[in-house]
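Participant: this one's structure only:
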């Protein structure tokens, strides 16, 4: 039968918590830039794909930071953008979009990889305190 007077000490819990908070802060600081780079790549790809007559539609494509990543939008001030993207007036119909949405969906794995790189870098760069 175990002795009731045995004391067990767990070392390192406070250090693990402190290090984890450092990792979290680093991820929160670095992730927006990583996601913005992917968003810029998507915006450039869409700009290259959309039909051009005047260049207004391509110029309207932009990547904007959001609370949880990045959004890529197009068509601000370009009334025919909806026809180009979803169909009508000579453009093929698509309920999911012809240019922006498909290109953005293809970037999902790239966004995931960007997030993983940020997290792994944060973990590797953190000076983890040693328990004493």
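Facilitator: Received the coordinates, thanks. Please read all numbers here as calculations on a predicted model, not as lab measurements.
Participant: which residue ranges of this structure form helices?
Facilitator: 13-49, 56-60, 81-86, 100-106, 108-125 (DSSP state H).
Participant: how about these in TSV, adding distance to residue 70?
Facilitator: Yep, even glycine has a C-beta here, placed from its N, CA and C like the rest. Formatted as TSV, the helices of the chain follow (distance: least, Cβ to Cβ, whole Å):
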stretch	distance to residue 70
helix 13-49	3
helix 56-60	17
helix 81-86	19
helix 100-106	10
helix 108-125	8
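Participant: so can I have TSV of the ones you listed showing mean neighbour count, mean pLDDT and distance to residue 93?
Facilitator: As requested, the helices of the chain are exported to TSV (neighbours: other Cβ atoms under 10 Å; pLDDT from 0 to 100; distance: least, Cβ to Cβ, whole Å):
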stretch	mean neighbour count	mean pLDDT	distance to residue 93
helix 13-49	16	93	17
helix 56-60	18	97	18
helix 81-86	18	94	7
helix 100-106	17	93	13
helix 108-125	14	94	24
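Participant: against residue 112, how distant is the residue most central in space within the chain?
Facilitator: Nearest residue to the geometric centre of the chain (Cα atoms, centre = their mean): residue 35, 3.6 Å. Distance from residue 35 to residue 112, counting by Cβ to Cβ, to the nearest Å: 11 Å.
Participant: again with residue 42
Facilitator: For residue 42, the distance to residue 112 (Cβ to Cβ) stands at 14 Å.
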